[in-house]
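Enquirer: Need the 3D shape of this:
(one chain, ligands or ions: 2)
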Amino acid sequence: MAGIPASPRLSLFSETRVAVLLPLPLAGAYDYLAPEGEVPPPGTLVRVPLGRREVVGVVLGPGDGEVEAEKLKPLSVILPLPPLPSALLALVDWVAAYTVHPRGAVLRMALSVPDALEAPKGISAWVARPGGERDLLRLTSARKRVLAVLADHGAMPFATADLAREAAVTPSVVTAMGKAGLLQPLTLSREWEPPQPDTERSGFPLSGEQGAAAARLRERVGEGFSTTLLDGVTGSGKTEVYFEAIAETLRRGRQALVLLPEIALAAQWPERFASRFGVEPVQWHSQMGPVARKKAWRATALGRAPVVVGARSALFLPFPDLGLIVVDEEHDSAFKQEDGVTYNARDMAVVRGRLGHFPVVLASATPSLETIENARQGRYGHILLPSRHGGASLPTIELVDLRRHKPEKWRPEPPPVVDGEPVRHEPFRMGWLSPPLVQATRDTLAAGEQVLLYLNRRGYAPLTLCRTCGYRIQCPRCTAWLVEHRRTGCLRCHHCDFQMPLPGACPACEATDSLAPCGPGVERLAEEALFRFPDARLEIAASDTLPGPKEARAMAERVRSGAVNLIVGTQIMAKGHHFPALTLVGVVDGDLGLSGGDLRAAERTHQMLHQVAGRAGRAERPGRVLIQTVEPNHPVMEALATGDADRFIETETEERRALSWPPHGRLVALIVSATDAAAAQATARALGRTAPLVAGVDVLGPAPAPLAMLRGRHRHRLLLKAERGIRVQGLVVEWLARTAIPSGVKVQVDVDPLSFL
Ligand code: ADP
Ligand code: ZN
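Expert: Ligands and ions are numbered 1, 2, ... in the order given. The predicted model follows:
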């Protein structure tokens with residue numbers, strides 16, 4: 001007990017031991033002593049001593065009794081919160097076992113707001129003191145008014161300021177009366193009570209197709225666990241349909257959770273929820289400050305948040321009575337967490353539903369191959385919404401072969417002025433907009449409609465090259481080029497956020513005026529667009545210009561009001577938005593994302609372009625999409641142009657089946673990293689030698705990772721590939737156990753990897 005102040009809070013304890021899991025990267029629980037007669041049930045949140053610190057943990061159950069009782073320390077405090085629900089504890093165990101991460105590391109995600117464990121400070125308030133009227137005659141008129149207000153409102157307590165206002169006295173009159181014993185003090189809870197959704201409000205009248213889908217989802221609610229794929233084209237009304245499942249869940253008095261990719265949250269979702277249910281839902285995302293997070297966590301834990309909409313980590317909120325999860329845009333790779341505990345919130349949502357015996361709905365216009373396969377095998381239900389709501393037609397998609405339609409070069413007109421003189425020899429600049437796309441944009445703007453030019457690249461140029469020596473400016477900590485951001489005048493690494501000012505001379509050969517941007521980002525594309533469409537009301541939409549939901553909503557408002565009619569945007573614009581006057585989408589580089597040899601490159605490009613195409617023509621006016629490509633015969637481009645997604649999915653699935661790639665086989669990646677290059681390589685090789693030799697299992701690698709260095713750490717990868725029926729986690733645990741991993745070397749396990757960088 002040395003160094004730990006004896007806790008004055010719980011002093012009586014007998015020998016009842018409890019196992020407490022701490023939110024630290026530890027697999028096991030520690031035993032502590034619980035106070036006599038007060039053995040906390042599993043899930044109870046407690047504070048315990050750990051070394052010289054005190055940490056929060058969760059009681060799992062009786063301790064295992066290995067450590068002698070004299071050596072155990074008592075719990076310091078039992079926190080006054082409902083115990084974490086057993087389904088959440090079960091989820092923590094499940095995720096830990098499935099992802100091969102310590103249980104404590106998973107628990108940390110459920111206790112991500114330590115502040116939330118403290119009740120908010122109360123407000124001091126007053127009620128009348130019984131018998132206080134006795135001396136009424138001797139009171140000043142101000143004091144009489146105060147008592148009269150309290151008498152008028154029965155037992156209702158008043159905060160000081162409110163009471164003073166009602167009685168038309170100064171607050172000091174009220175506090176003085178408290179001191180004089182004329183009023184009784186009391187503390188009011190400042191616990192947040194989120195506004196309650198109104199399930200009796202009706203939404204839009206649903207179409208026949210939508211109504212049937214909603215009825216099927218409503219039936220699932222209350223029937224225990226099920227997973228249903230809600231598979232509907234963009235604009236078919238999937239949101240309106242799953243709102244009905246939420247309403248049904250609320251009518252049954254249970255909570256609902258909607259998971260969205262972070263950036264889709266920023267769009268119009270909360271407003272749409274409010275127009276259906278009268279109030280905005282409780283939100284949970286990374287842009288929220290600590291106060292808002294605390295409020296949301298507590299409201300959820302106390303069962304006061306009927307509906308939470310959040311990014312992936314909302315899955316670990318302590319809902320006491322969760323009755324439905326909807327995962328919207330289920331195919332989105334944003335549901336995969338790549339740092340720390342690598343888990344896919346879409347898949348773990350299904351697990352949470354099974355553990356909590358409630359339905360899970362996966363919604364998408366472009367479901368992942370994994371989900372499609374699960375639906376085919378009958379593991380998931382499948383509801384189709386094949387047409388856009390209100391007779392809006394799907395946009396026509398045309399390919400523009402960039403080899404035949406080369407973008408024209410351009411130069412600023414009139415020439416820029418330097419030192420009072422127009423520059424006569426301004427060089428021609430590269431263009432990225434082909435004549436057909438330029439024409440279509442011009443026509444659309446002239447018709448009073450709106451255009452989205454889509455390029456999924458932030459900044460000005462993805463590469464800065466020295467024209468004299470060919471040097472390419474790289475991040476000092478990562479195997480990545482620095483991206484020029486002209487608005488902020490710097491070069492930035494998109495992997496580690498390293499930044500430096502754009503140098504005046506080449507860092508290698510010191511030639512001046514020799515550094516040239518290569519390739520376009522949205523900022524550079526906007527320059528060309530402003531030249532070609534000088535009257536356009538242009539705005540750049542990227543995470544740099546729209547860092548949070550507030551900015552994104554303001555921008556959506558500018559588009560809806562027509563203050564903006566030409567958007568140059570990254571993937572931040574690809575989903576969730578509904579702009580009735582947006583009728584043309586131009587995809588500037590359709591091939592971006594197809595290279596790189598990632599097994600899902602084609603699938604992901606198809607999903608992304610399909611989503612962004614889905615922004616066009618969502619209302620009465622039909623939409624048109626032009627995709628610029630140098631590979632018009634690529635299966636992805638053909639699928640988009642013909643609208644035959646099914647055939648594309650069929651071919652993709654067959655190719656993967658032949659090679660036993662997911663969903664027909666299982667993958668686990670090991671990423672070995674260290675600041676010391678030799679140590680990283682030696683450990684990777686050692687893992688190669690100790691790899692499991694089991695039928696149906698192949699280990700590929702080790703090989704240097706494509707991102708061979710990240711944040712100063714050297715990286716190597718191994719990939720375990722197994723037949724579907726093989727339980728890979730056990731193999732990985734044994735594999736790691738028989739390999740010596742020196743300190744300083746980290747082995748990150750990634751089950752079901754999505755990224756292969
Ligand atoms: P999805 O999520 O399938 O792309 P949404 O749910 O976003 O489709 O619906 C597209 C648009 O159509 C939204 O603006 C929505 O409010 C509107 N909408 C959908 N269904 C109806 C309906 N039954 N009545 C009126 N408007 C609807
Ligand atoms: Zn970097």
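Enquirer: Count the neighbours of residue 730 for me.
Expert: Neighbour count for residue 730, taken as other CB atoms under 10 Å: 12. From N, CA and C alone the C-beta is placed, and that goes for glycine too.
Enquirer: Confirm that residue 295 sits in a helix.
Expert: Yes - assessed with DSSP: H, G, I helix; E, B strand; the rest coil, residue 295 lies in a helix.
Enquirer: any idea how far it lies from ligand 1?
Expert: 28 Å (CB to the nearest ligand atom, to the nearest Å).
Enquirer: again, but for residue 324
Expert: Taking CB to the nearest ligand atom, one finds residue 324 at 17 Å from ligand 1.
Enquirer: Wasn't that residue part of a strand?
Expert: Yes - under three-state DSSP, residue 324 falls within a strand.
Enquirer: Next up, the contacts around it.
Expert: 221, 245, 246, 249, 254, 255, 256, 257, 358, 359, 360, 361 (CB atoms under 8 Å, 6 or more residues apart in numbering).
Enquirer: how many other residues sit next to the last one?
Expert: Residues contacting residue 361 under the criterion other CB under 10 Å number 29.
Enquirer: go on, residue 111?
Expert: 20.
Enquirer: Does it touch residue 56 like I think?
Expert: Yes - counting by CB atoms under 8 Å, residue 56 is a contact partner of residue 111 at 6.1 Å.
Enquirer: Between those two, which contacts overlap?
Expert: Residues touching both residue 111 and residue 56 (CB under 8 Å, 6+ apart): 23, 45, 117.
Enquirer: Let's see which of those end up in strands.
Expert: residue 45 (DSSP state E).
Enquirer: Which residue in the shared contacts of residue 111 and residue 56 has the weakest pLDDT?
Expert: pLDDT across these is lowest for residue 117, at 84.
Enquirer: Am I right that it is in contact with residue 46?
Expert: No - using CB under 8 Å, residue 117 makes no contact with residue 46, being 9.9 Å away.
Enquirer: where do the contact lists of these two overlap?
Expert: Joint contacts of residue 117 and residue 46 (CB under 8 Å, 6+ apart) are 56, 79.
Enquirer: got a list of what the closest residue in space to residue 639 that isn't next to it in sequence touches?
Expert: The spatially closest residue to residue 639, leaving aside those adjacent along the chain, is residue 648, at 3.4 Å (CB to CB, 6 or more residues apart in numbering). Counting by CB under 8 Å, 6+ apart, residue 648 makes contact with 606, 635, 636, 638, 639.
Enquirer: Which of the helices or strands spans the fourth one?
Expert: Okay, so that is residue 638. Counting by DSSP states H and E, the element that carries residue 638 is helix 635-642.
Enquirer: Which secondary structure element of the chain has the lowest mean pLDDT?
Expert: Lowest on mean pLDDT, DSSP states H and E among the helices and strands of the chain sits helix 262-266, with a mean of 65.
Enquirer: C-terminal to it, what's the next element?
Expert: Assigned by DSSP H and E, the successor of helix 262-266 is helix 269-277.
Enquirer: and that next one, what's its mean pLDDT?
Expert: Helix 269-277 comes out at a mean pLDDT of 91.
Enquirer: ok, then the element right after that helix?
Expert: Per DSSP H and E, the helix or strand that comes after helix 269-277 is strand 282-284.
Enquirer: Which elements pack onto that following strand?
Expert: helix 290-301, strand 307-310 (3 or more CB pairs under 8 Å, 6 or more residues apart in numbering; DSSP states H and E).
Enquirer: Of the ones you listed, which stretch is the most buried?
Expert: Counting by mean count of other CB atoms under 10 Å, strand 307-310 has the highest mean neighbour count of the helices and strands packed on strand 282-284, with a mean of 24.
Enquirer: Measure how far it is from the centre of its chain, please.
Expert: Counting by CA atoms, centre = their mean, to the nearest Å, strand 307-310 is centred 12 Å from the centre of its parent chain.
Enquirer: Report the mean per-residue pLDDT for it.
Expert: 96.
Enquirer: still on that earlier bit, what secondary structure does the residue nearest to residue 639 sit in?
Expert: helix.
Enquirer: repeat for residue 681
Expert: Residue 681 is classified as helix under three-state DSSP.
Enquirer: So for it, what's the nearest residue that isn't a sequence neighbour?
Expert: Excluding the flanking residues, the one nearest residue 681 by CB to CB, 6+ apart is residue 716, at 6.3 Å.
Enquirer: Which residue ranges of the stretch 601-750 of the chain form strands?
Expert: Secondary structure of the stretch 601-750 of the chain (DSSP state E, counting those that start in this stretch): strands located at 624-629, 665-674, 697-710, 713-723, 746-751.
Enquirer: Ok, which of those comes nearest ligand 2?
Expert: strand 697-710 (7.1 Å; CB to the ion).
Enquirer: Quick check: mean pLDDT of the closest one?
Expert: 95.
Enquirer: Point me to the residue of the stretch 251-400 of the chain nearest ligand 2.
Expert: Counting by CB to the ion, the stretch 251-400 of the chain gets nearest to ligand 2 through residue 339 (14.7 Å).
Enquirer: mind checking how far that residue is from residue 627?
Expert: 33 Å (CB to CB, to the nearest Å).
Enquirer: Could you check which of these two has the larger neighbour count?
Expert: Neighbours per residue (other CB under 10 Å) separate residue 339 from residue 627, with residue 627 holding more: 25 against 6.
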